[in-house]
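Colleague: All I have is the shape, not the residue letters:
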């Protein structure tokens with residue numbers, strides 16, 4: 001795939017994820033939470049540019065740092081996402097202000113990391129950011145799935161009875 005298509009894939013995935021995070025969303029209980037990250041990982045492995053062949057060792061260190069940032073952002077994102085069960089037992093989630101801070105911090109770290117590779121002469125293709133994005137989504141989904149499994153079913157609002165209004169209303 002060309003670099004332009006890769007950039008468009010990254011932008012489309014980020015746009016989809018951000019739009020989904022900005023609103024309360026019912027989470028399905030299926031086990032397909034790993035499919036999108038899996039597809040992105042396959043895309044990144046199928047193309048060249050994951051490492052720079054001119055300086056393989058240093059580019060592997062940069063790739064490792066990129067993946068570590070992706071993992072940390074994904075875990076932070078999963079931990080800062082508000083998660084609740086409605087009275088019917090359905091699981092819902094919504095990003096919080098802390099989630100925005102995690103995303104912003106992750107973007108700043110990735111930008112700084114990319115900025116350090118230029119003076120070193122390391123050229124990595126778009127496969128590295130795709131792999132890091134996949135790891136971010138995988139970590140986030142894994143944390144949310146793990147958190148959701150630990151939540152007991154809701155049989156009513158703790159304040160008093162069943163609520164016809166979503167539990168997140170007024171609380172972010």
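Modeller: That came through fine. This one's a predicted model, so the numbers in the text were calculated from it and none came from an experiment.

Colleague: Which secondary structure elements does the helix or strand of the chain with the lowest mean pLDDT sit against?
Modeller: Ranked by mean pLDDT, DSSP states H and E, the helix or strand of the chain with the weakest confidence is helix 3-21, at a mean of 75. Using 3 or more Cβ pairs under 8 Å, 6 or more residues apart in numbering; DSSP states H and E, the elements in contact with helix 3-21 are helix 35-46, helix 127-149. (Glycine included, C-beta is placed from N, CA and C.)

Colleague: Look up how far residue 64 lies from the residue nearest the centre of the chain.
Modeller: For the chain, the residue nearest the mean C-alpha position is residue 137 (3.2 Å; Cα atoms, centre = their mean). Applying Cβ to Cβ, to the nearest Å, the value for residue 137 to residue 64 is 19 Å.

Colleague: any idea which helix or strand comes after the least confident helix or strand of the chain?
Modeller: Using DSSP states H and E, the helix or strand that follows helix 3-21 towards the C-terminus is strand 25-27.

Colleague: so where's the protein shaky on pLDDT?
Modeller: Residues of the chain that meet the criterion pLDDT under 70 lie in 1-3, 28-31, 153-172.

Colleague: could you redo the last one with a cut-off of 50?
Modeller: 156-165, 170, 172 (pLDDT under 50).

Colleague: Mind giving me the packing neighbours of the helix or strand residue 58 falls within?
Modeller: For residue 58, the element it lies in under DSSP H and E is helix 56-80. Contacts defined by 3+ Cβ pairs under 8 Å, 6+ apart place helix 56-80 against helix 97-120, helix 127-149.

Colleague: can you pull the buried residues of that helix?
Modeller: Neighbour counts over helix 56-80 (16 or more other Cβ atoms under 10 Å) mark 59, 62-63, 65-67, 69-80 as buried.

Colleague: still on that earlier bit, what separation do you get for the residue nearest to the centre of the chain and residue 73?
Modeller: Residue 137 is 10 Å from residue 73, by Cβ to Cβ.
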